[in-house]
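Chemist: Need a 3D model of the sequence below.
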Amino acid sequence: MATNLQYNLNEDSNKLAISDLRFRLEKIYQGGGEKKLQKQRDKGKLTARERIAYLVDNEDELLEIGAFAGDEMYSEYGGCPAGGVVVVIGKVSGRTCIVVANDASVKAGAWFPITGKKNLRAQEIAMENNIPIIYLVDSAGVFLPMQDEIFPDKEHFGRIFRNNAVMSSKGIIQIAAIMGSCVAGGAYLPIMSDESLIVDKTGSIFLAGPYLVKAAIGETVDKETLGGATTQSEISGVTDYKMKDDKECLDTIKKLMDKIGHSDTAGFDKVKAIAPEYEADQITGILPDERSKPYDMSELLKCIVDKDSLIYYKKDYGKTMITAYARIDGWSVGIVANNRQVVKSAKGEMQFGGVIYSDSADKASRFIMNCNQKKIPLVFIHDVTGFMVGKRSEHGGIIKDGAKLVNAVSNSTVPKFTIIAGNSYGAGNYAMCGKAYDPRLILAWPSAKVAVMGGSQAAKVLAQIQVSSMKAKGEEVSENDQKELIQKIEERYNRQTTPYYAAARLWVDAVIDPRKTRTYISQGIEAANHAPVEKFNVGVIQT
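Modeler: Numbers count the residues shown, from 1 in each chain. Okay, here's the model as predicted:
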């Protein structure tokens, strides 16, 4: 444990960062602003977040995905808070599901590029965990000024409907409620769902709205006659249920959900939960106020896992990596975490904390294979600066051992959950199950840093390249010029390594209060327990 003075410094720094997180979220929760939210209410509609709060069993148990999507992006268009869509994992009528609600207060719910990416992530979570997905539709369709970045590519708008079809074939329940506009290509989403509801007077669905119909074929028709609730429920038969208002619509969804049959579970082990040895609040005192300072990761784990549940695997081998079996809220888990202490190897060599060496990579690979053999979900906790470099490491086969670890992570079939607590640099991000390696959830603390390398190192490398280029052109570069260049590059680089920058682009699913980590992992495993686990096959690994 840190000294009292250092503990207090850490606590002050981390609690300030958590307060900043809360402030940022409160701003995002306002969507397009209070005036636009009130405009929704004046039409007799609930807002996106009000709809979700009314629908779910317990608003306090929601896990929001992608709240920071689009953060500080699209400023030329006035921004796009939360990507214009709210996505949560929660329970409706006792069933774990994912809810996707368009926020019509943000550009009338239009789809920006990040909106499409966020919707695809929601569908991916539903498919990976075999849980129902509920769409609360209220959208003007593609944001036309950026149509080239949302319409035609593989991971763009059209992929949504492809996923609708795939989920249907796999028996994953999809329920869609048309609670506002639903136009053009977006009209396929609710109708490709299993069942669709439409709210009278406020809901409408058609391939082309009145203005486009007039332009295309010269026909004059009003919105209600073209595709309102009466038309689509009584004449065309496109929708299945006609609802008088938002609340009746949401109540009906609850009734539909409570009649769904139950599937077999994956069989992950759970016993009665025991509180951790340390209070969750102690995380703020243990985690250093600066990313370069060492600390004992095992102390952090005692704030997250059930008391006395830790069993360390190969504790005295590969000490810069902690591998351990434990329980989190009663669930059996395997933990792979970077140890940030400077340690001495069995050969007497000093090893830097947070660096992956050959022995720690080998240990983690073996442990991951064991967890797959035993059907135990994996939890990765990042505070890694990368793999060890240099002659000794290269001669010792660091590339081979690193490849072994990446192979094990890539082919792992048990659910993986990733927490970025501190640094997540370079290939260390990959080896520790970064976003590219399909974690069921990837979460960041406010202290997280995600980049190819640290800001100061990157700035020096980039500055050297730039200075060499300038000198090659015959330009003179003074020592002061070089310092200013390094500072400028470092400032820009550091902005791009924050957890908020990562969350805006959905490199992580959420930035969370570290003290809620246990809850996120527990509910994530509960969702994952709905999907069967495939047989583990690690492929070719060099020994």
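Chemist: looking at this, G83 is in a helix?
Modeler: Yes: checked against DSSP: H, G, I helix; E, B strand; the rest coil, G83 lies within a helix.
Chemist: and V540, what pLDDT?
Modeler: Per-residue confidence (pLDDT) for V540: 57.
Chemist: quick one, what contacts L9?
Modeler: Contact analysis of L9 by CB atoms under 8 Å, 6 or more residues apart in numbering lists D289. All C-beta spots, glycine's among them, are computed from the backbone N, C-alpha and C.
Chemist: in what helix or strand does it lie?
Modeler: Secondary-structure assignment from DSSP states H and E places L9 in helix 4-28.
Chemist: For that helix, give the mean pLDDT please.
Modeler: Here the average pLDDT along helix 4-28 is 96.
Chemist: And for stretch 86-100?
Modeler: On average, the pLDDT along stretch 86-100 is 98.
Chemist: just stretch 502-511 next, same as before
Modeler: Stretch 502-511 comes out at a mean pLDDT of 97.
Chemist: Next, the residues that contact that stretch from outside, please.
Modeler: Taking CB under 8 Å, 6+ apart as the rule, stretch 502-511 contacts 21, 63-73, 114, 117-118, 121, 420, 435, 441-446, 448, 450, 499-500, 520.
Chemist: just stretch 63-71 next, same as before
Modeler: By CB under 8 Å, 6+ apart, stretch 63-71 touches 24-25, 28, 79-90, 98, 112, 114-115, 117-118, 121-122, 125, 441, 500, 503-506, 509-511, 520, 523-524.
Chemist: Over to stretch 308-316?
Modeler: Residues outside stretch 308-316 that contact it (CB under 8 Å, 6+ apart): 274, 277, 298, 301-302, 322-327, 346, 363, 366-367, 370.
Chemist: buried sites along it?
Modeler: Within stretch 308-316, the residues that qualify as buried are S309, L310, Y313, K314, counting by 16 or more other CB atoms under 10 Å.
Chemist: how many neighbours does Q147 have?
Modeler: Neighbour count for Q147, taken as other CB atoms under 10 Å: 15.
Chemist: The one 10 residues further on too?
Modeler: Per other CB under 10 Å, the neighbour tally for F157 reads 23.
Chemist: ok, then the element right after the one helix or strand in the chain whose mean pLDDT sits lowest?
Modeler: Each helix and strand of the chain was given a mean pLDDT (mean pLDDT, DSSP states H and E); the minimum falls on helix 455-472 at a mean of 73. Note on helix 455-472: by DSSP H and E, the next helix or strand toward the C-terminus is helix 479-495.
Chemist: Make a markdown table from the buried residues of stretch 308-316 and add pLDDT, secondary structure and distance to K483 to it.
Modeler: Below are these laid out as a markdown table (pLDDT from 0 to 100; DSSP: H, G, I helix; E, B strand; the rest coil; distance: CB to CB, whole Å):
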| residue | pLDDT | secondary structure | distance to K483 |
| --- | --- | --- | --- |
| S309 | 98 | coil | 51 |
| L310 | 98 | coil | 47 |
| Y313 | 98 | coil | 47 |
| K314 | 96 | coil | 45 |
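Chemist: got these as CSV, with distance to A531 columns?
Modeler: Formatted as CSV, the buried residues of stretch 308-316 follow (distance: CB to CB, whole Å):
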residue, distance to A531
S309, 24
L310, 27
Y313, 26
K314, 30
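Chemist: tell me the two of those that are most distant?
Modeler: Spanning the widest gap among these are S309 and K314, at 17.8 Å by CB to CB.
Chemist: Any quick ChimeraX command for the buried ones out of the contacts of stretch 308-316?
Modeler: Filtering the contacts of stretch 308-316 down to the buried ones (16+ other CB under 10 Å) takes a single ChimeraX command:
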select :277,298,301,302,322,323,324,325,326,327,363,366,367
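Chemist: In helices, which of the contacts of stretch 308-316 appear?
Modeler: Judged by DSSP state H, these include S298, L301, K363, R366, F367, N370 as members of helices.
Chemist: gap between the last one and K471?
Modeler: It stands for N370. Per CB to CB, to the nearest Å, N370 is found 54 Å from K471.
Chemist: Please apply the same query to the third one.
Modeler: When distance is defined by CB to CB, K363 is 46 Å away from K471.
Chemist: now swap in the first one and tell me
Modeler: Counting by CB to CB, the separation of S298 from K471 is 49 Å.
Chemist: same thing with N119?
Modeler: For N119, the distance to K471 - CB to CB - is 49 Å.
Chemist: Going by neighbour count, which of the contacts of stretch 502-511 are buried?
Modeler: 21, 63-71, 73, 114, 117-118, 121, 420, 435, 441-446, 448, 450, 499-500, 520.
Chemist: More neighbours: which of N119 and K471?
Modeler: N119 (24 against 11).
Chemist: Can you report phi and psi for that one?
Modeler: Per-residue torsions, N119: phi -60, psi -40 (degrees, to the nearest 10).
Chemist: K43 now?
Modeler: Per degrees, to the nearest 10, the backbone of K43 is at phi -90, psi 0.
Chemist: any idea how far W445 is from it?
Modeler: 39 Å.
Chemist: For the closest residue to D12 other than its chain neighbours, give me its contacts.
Modeler: Leaving aside its chain neighbours, D12 sits nearest to D289 (7.5 Å; criterion: CB to CB, 6 or more residues apart in numbering). Contacts for D289 (CB under 8 Å, 6+ apart) come out as L9, N10, D12, S13, N14.
Chemist: What segments of the stretch 251-400 of the chain are strands?
Modeler: 311-312, 321-328, 331-338, 343-344, 350-351, 355-356, 378-384, 386-387 (DSSP state E, counting those that start in this stretch).
Chemist: where does the stretch 251-400 of the chain have low pLDDT?
Modeler: Along the stretch 251-400 of the chain, the parts satisfying pLDDT under 70 run over 395.
Chemist: The stretch 151-300 of the chain: helices as residue ranges?
Modeler: Applying DSSP state H, counting those that start in this stretch to the stretch 151-300 of the chain gives helices spanning 158-169, 188-191, 210-217, 223-227, 229-230, 246-257, 283-286, 297-301.
Chemist: mind putting those helices in TSV, distance to G237 included?
Modeler: Shown next, in TSV, are the helices of the stretch 151-300 of the chain (distance: least, CB to CB, whole Å):
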stretch	distance to G237
helix 158-169	19
helix 188-191	11
helix 210-217	20
helix 223-227	13
helix 229-230	12
helix 246-257	18
helix 283-286	55
helix 297-301	56
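Chemist: Can you say which of those helices is packed in most?
Modeler: helix 283-286 (a mean of 24; mean count of other CB atoms under 10 Å).
Chemist: which strands and helices sit next to that one?
Modeler: Other elements packing on helix 283-286 under the criterion 3 or more CB pairs under 8 Å, 6 or more residues apart in numbering; DSSP states H and E are helix 4-28, helix 297-301.
Chemist: what's the spacing between the last one and its chain's center?
Modeler: A distance of 23 Å separates the C-alpha centroid of helix 297-301 from that of its chain, computed with CA atoms, centre = their mean, to the nearest Å.
Chemist: by contact count, what packs against it?
Modeler: Checked by 3+ CB pairs under 8 Å, 6+ apart, helix 297-301 has helix 283-286, strand 321-328, strand 331-338, strand 378-384 packed alongside it.
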